[in-house]
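Trainee: Need coordinates for the following:
(chains A and B)
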There are 2 protein chains.
Amino acid sequence: MTDVSELPTPDEPTIAVLGGTGDQGLGLAYRWAAAGLSVRIGSRSRERAEEAALKVGHGVIGGTNEEVAANCDVALIAVPWAGHEPLLDSLSGPLAGKLVIDCVNPLGFDKQGAYRLDVPEGSAAEQAQTLLPLSTVVGAFHHVSAVLLLDRERAELDPMDILVLGDVRAATDAVQGLVDRIPGLRGVYGGRLRNCGQVEAFTANLISINRRYKSHAGVAITDISPH
Amino acid sequence: MTDVSELPTPDEPTIAVLGGTGDQGLGLAYRWAAAGLSVRIGSRSRERAEEAALKVGHGVIGGTNEEVAANCDVALIAVPWAGHEPLLDSLSGPLAGKLVIDCVNPLGFDKQGAYRLDVPEGSAAEQAQTLLPLSTVVGAFHHVSAVLLLDRERAELDPMDILVLGDVRAATDAVQGLVDRIPGLRGVYGGRLRNCGQVEAFTANLISINRRYKSHAGVAITDISPH
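Mentor: Purely as a prediction, here's the structure:
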């Protein structure tokens, strides 16, 4: 983890969405770009990234994961869990000194639905911090529905909270700020990285809720006024 | 786990709150009794249980954990985590064939706050189901603040959701019904028992949130209309 004083948190950061051709990455790329932020979409294939960037519009640029990681202030990791370790293993150099947001949920699926997978480091976010020792990792955006993010009919999402977890206050504050740029979302500090595993795994519960109630469920925290 | 057809779910069940002299148990005993339900408080010491019952009022009766477990339709397990296994080990007989609600959060505490403890069975609720093979265990009430439950100035709590987890639909439906008896609370199905570990552990995140925002935080699920 980098020293707080070294963490660059420009007011208008360039955000690289790694694994940005999946629904969660595309959805957040769209929301941030629509809010006026500079966004780049990364993928293993430059061609697929450029296609996705065109689809999102709002000036978004595509490139390989390596290219966009090298040219960003903040990176969002949005790959499927199976691709998490190999991707980060290759990017510790380009992401050194940067703020890295991890929204990956390590889940398994069977006939009864989704369930938590064991992660030796405790959580995807802690695995990322281990693989990226010179970056500052924050967990966030685990629970917001990609369907809602991608729905262009909704300029403003129905109010919900995004839990932001990390061990460096400047980093969680910066990510809460990036959450708040998306109309309808509120960034709420949710604890240290060691408590990120249950936040990631809770997505399995939201999947059960969605199945039962035919919803795109999210989370709101009661009794707080963070702003 | 008992067969669904054998599960007695009377409309006006007698509820035994085991470990009912702690804040969470006392708070739920008070809310259910105030809503007109028949409630008994259990403790290792009959004297302490009777004192607690008098304090709650509303006709609540106290007794030993064994006594109230033998004379109830539904039991709520509300002991500290350290007492969970020894208590349930001794009650598989009196709780056979009954609905058991587990609200216990297996958490450790240090200078940095609360954190998830590893439970070999996956969660307190799964441990309860293992120790009570003839009962039907449901996880619920992990996140509601005891401070709010015990606050008699609030006849109705600010709206929040109680996640109800279990593998038997009749049992989770019955517990959702018991949640809904408490003004302000809404019972929401939250998935199977195998996904209860992260719901229990999420209480560590709420403790971090309370510390940061000086709140008594709870959870609401967005985009659902369960009733």
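Trainee: For the rest of this, base every contact and every neighbour count on C-alpha atoms.
Mentor: Fine.
Trainee: residues in contact with residue A:200?
Mentor: A:103, A:104, A:105, A:106, A:123, A:124, A:142 (C-alpha atoms under 8 Å, 6 or more residues apart in numbering or on different chains).
Trainee: make that residue A:47, sorry
Mentor: The contact partners of residue A:47, taken as C-alpha under 8 Å, 6+ apart, are residue A:63.
Trainee: Do you know the pLDDT at it?
Mentor: With respect to pLDDT, residue A:47 scores 97.
Trainee: returning to what we had before: using neighbour counts, trim the contacts of residue A:200 to the buried set.
Mentor: A:103, A:104, A:105, A:106, A:123, A:124, A:142 (16 or more other C-alpha atoms under 10 Å in any protein chain shown).
Trainee: coming back round to it: just put the contacts of residue A:200 in a markdown table and tack on distance to residue B:72 and secondary structure.
Mentor: Shown next, in a markdown table, are the contacts of residue A:200 (distance: C-alpha to C-alpha, whole Å; DSSP: H, G, I helix; E, B strand; the rest coil):
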| residue | distance to residue B:72 | secondary structure |
| --- | --- | --- |
| A:103 | 45 | coil |
| A:104 | 44 | coil |
| A:105 | 40 | coil |
| A:106 | 40 | coil |
| A:123 | 40 | coil |
| A:124 | 43 | helix |
| A:142 | 40 | coil |
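Trainee: Near chain B, which residues of chain A are found?
Mentor: Within reach of chain B by C-alpha under 8 Å from any C-alpha of the partner chain, chain A has these residues: A:115-116, A:160, A:189-191, A:194-195, A:197-199, A:201-202, A:204-206, A:208-209, A:212-226.
Trainee: Which among those count as buried?
Mentor: A:115-116, A:160, A:189-191, A:194-195, A:197-199, A:201-202, A:204-206, A:208-209, A:213, A:215-224.
Trainee: from those, which ones fall inside helices?
Mentor: In this view, these that belong to helices under DSSP state H are A:197, A:198, A:199, A:201, A:202, A:204, A:205, A:206, A:208, A:209, A:213.
Trainee: my read: the first one touches residue A:124, true?
Mentor: The one in question is residue A:197. Yes - applying C-alpha atoms under 8 Å, one finds residue A:197 in contact with residue A:124, separated by 7.3 Å.
Trainee: can you pull the contacts of residue A:56?
Mentor: A:26, A:29, A:30.
Trainee: any chance you could map the helices in chain A?
Mentor: Remark: helices assigned in chain A by DSSP H are A:23-34, A:46-56, A:65-70, A:84-89, A:124-131, A:146-150, A:169-180, A:197-213.
Trainee: so which of those helices gets nearest residue B:21?
Mentor: Between residue B:21 and these, the tightest spacing by C-alpha to C-alpha is seen for helix A:197-213, at 28.6 Å.
Trainee: what mean pLDDT does the closest one have?
Mentor: If you average the pLDDT over helix A:197-213, you get 98.
Trainee: How about stretch A:65-75?
Mentor: Looking at stretch A:65-75 alone, the average pLDDT works out to 97.
Trainee: Quick one: neighbours of the residue lying closest to residue A:42 once chain neighbours are set aside, just the number.
Mentor: Beyond its immediate neighbours in the sequence, the residue positioned closest to residue A:42 (C-alpha to C-alpha, 6 or more residues apart in numbering or on different chains) is residue A:65, lying 4.2 Å away. Counted by other C-alpha atoms under 10 Å in any protein chain shown, the residues lying close to residue A:65 total 25.
Trainee: Wait, residue A:65 touches residue A:19, no?
Mentor: Yes - contact criterion C-alpha under 8 Å: residue A:65 and residue A:19 qualify, at 7.3 Å.
Trainee: so where's chain A shaky on pLDDT?
Mentor: Low-confidence segments of chain A, defined by pLDDT under 70: A:1-9, A:226-227.
Trainee: returning to that earlier point: between the contacts of residue A:56, which is closest to residue B:15?
Mentor: residue A:26 (49.0 Å).
Trainee: quick one: contacts for the closest one?
Mentor: A:20, A:52, A:56, A:150.
Trainee: so who does the residue of chain A found nearest chain B touch?
Mentor: Closest to chain B within chain A is residue A:198: 4.4 Å, counting by C-alpha to the nearest C-alpha. Remark: with contacts taken as C-alpha under 8 Å, 6+ apart, residue A:198 is in contact with B:197, B:198, B:199, B:201, B:202.
Trainee: shouldn't the fourth one be in contact with residue B:107?
Mentor: It refers to residue B:201. Yes - here residue B:201 lies in contact with residue B:107, judged by C-alpha under 8 Å, at a distance of 6.9 Å.
Trainee: Find residues that contact each of those two.
Mentor: Overlap of the contact sets of residue B:201 and residue B:107 (by C-alpha under 8 Å, 6+ apart) consists of B:115, B:116, B:117.
Trainee: Against chain A, which of the residues you listed make the cut? List them.
Mentor: When contact is defined as C-alpha under 8 Å from any C-alpha, these meet chain A at B:115, B:116.
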